[in-house]
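In: 3D model of this:
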Amino acid sequence: MKTPKQQRKQKTTQSPTPKPRPAKPAPTEASKPVQKVATQPTDSSERIQKVLARGGIASRREIERWISEGRIKVNGEIVTQGVKLKTGDYLQINDRVVHWEKFAEQVTRVLLYHKATGEVVTRNDPENRPVIFKNLPKLETARWIAVGRLDINTSGLLLVTNNGELANRLMHPSTEVEREYAVRILGNVTDATLEKLKTGVELEDGKAKFDEIHFAGGEGANKWYNVIVSEGRNRLVRRLWESQTLTVSRLIRVRYGPIVLPEGLRTSRCYELTDKELDLLFEYAGMEKEKHVVSNKPELKNQRRR
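Out: Predicted coordinates:
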């Protein structure tokens, strides 16, 4: 027999019987929850000619010609125009493997390098002469591309960039980029000689001439001239003067297109173009300007990498 106190305690500890819940109505199409679907990442692939042009392999037009000739393969198959490269693709040109991933999209950089006499514009020199690329900062991807060349005995302005398409635009004969040189001549230069050099003389690879010639001073046997040419044939300035039995004792490139060799930039050192200067160069080359981003580029103005 339980006491009244025990009976009250039993009532408070017993779980109440749950009340039945009314059934939910069947959901209609409008009331059904929307199912979230995982979206695929955007396609980051690029056309072959754009990737290879950026890496300095050739111009876009040249690469398009290679595609038409069946010289380019992706994953073992000959490609057609419009094919894009995707991560992991195996690329071959003339059956030679091209590691195209290093030509990934990157911020364009342009250096103005003051080449010294005795330096060579090559990556590796069998004669172990000074190489200009050893004085440039290292790039994480891609490589530096020299816009044209200067022979070992010529000093002055040399443009270097990591943008292959820009380099090709600035070097292509159709662009007719002006190159200006300061040249010291040993010998007697007559008015008739100057007129002949402006009219044109026959060289072993065709007729050539100076677009402009300006006397820049000097006394005695050595006189300075500023000359302008619009093509990049090998040793053209020297050969033009030498065709008139004159000796070039010193040759300095002072301008390439709109870019002038900066005053005070010492030899074997470089200056990096600012974003505003890059915009002007892209406009000159007929290319769309890039969107500028904040970067951690090293300060290279008038500095040499040690």
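In: quick one: contacts for K84?
Out: D43, S45, E46, R47, I48 (Cβ atoms under 8 Å, 6 or more residues apart in numbering). C-betas here are computed from N, CA, C, even on glycine.
In: Show me the contact partners of stretch 176-184.
Out: 148, 156, 170-171, 211, 216, 218, 222-232, 237, 241, 248-257.
In: I'd like the next helix or strand past the longest strand along the chain.
Out: Longest strand in the chain, counting residues (DSSP state E): strand 247-256. On the C-terminal side of strand 247-256, the nearest following helix or strand under DSSP states H and E is strand 259-260.
In: Any idea how many residues pack against R266?
Out: Applying other Cβ atoms under 10 Å, we find 11 residues neighbouring R266.
In: my read: it touches H114, true?
Out: Yes: look at R266 against H114 with Cβ atoms under 8 Å: they come within range, at 6.5 Å.
In: Which residue ranges make up the domains of the protein?
Out: 46-103, 110-174+259-284, 178-256 (automatic domain parsing).
In: Assign S174 to helix, strand or coil.
Out: Secondary structure, DSSP: H, G, I helix; E, B strand; the rest coil: S174 is helix.
In: Now do it against G55, distance only.
Out: 21 Å (Cβ to Cβ, to the nearest Å).
In: Of these two, which one has the most company?
Out: A count of neighbours by other Cβ under 10 Å puts G55 above the other of S174 and G55, at 23 against 6.
In: which residues does that one contact?
Out: W100, K102, F103, A142, R143, G164.
In: Show residues contacting stretch 273-286.
Out: 108-112, 166, 169-170, 175, 257-259, 288-290, 292.
In: Quick check: strands, which of these are part of them?
Out: Using DSSP E, these in strands are V110, L111, L112, I259.
In: I'd like the distance between the third one and G156.
Out: Translated: L112. For L112, the distance to G156 (Cβ to Cβ) stands at 10 Å.
In: ok, and for the longest strand of the chain, which residues are buried?
Out: Residues of strand 247-256 classed as buried by neighbour count (16 or more other Cβ atoms under 10 Å): V248, L251, I252, R253, R255, Y256.
In: which residues in this protein form helices?
Out: 4-13, 48-54, 60-68, 164-171, 191-199, 236-242, 275-284 (DSSP state H).
In: hang on, the earlier thing: go through the ones in strands among the contacts of stretch 273-286 and say which is closest to V121.
Out: L111 (13.1 Å; Cβ to Cβ).
In: any idea how far that closest one lies from E101?
Out: Taking Cβ to Cβ as the measure, L111 falls 24 Å from E101.
In: neighbour-wise, which of these two wins?
Out: L111 (20 against 14).
In: what are the bridge partners for T247, then?
Out: Beta bridges link T247 to L186 when assigned by DSSP bridges.
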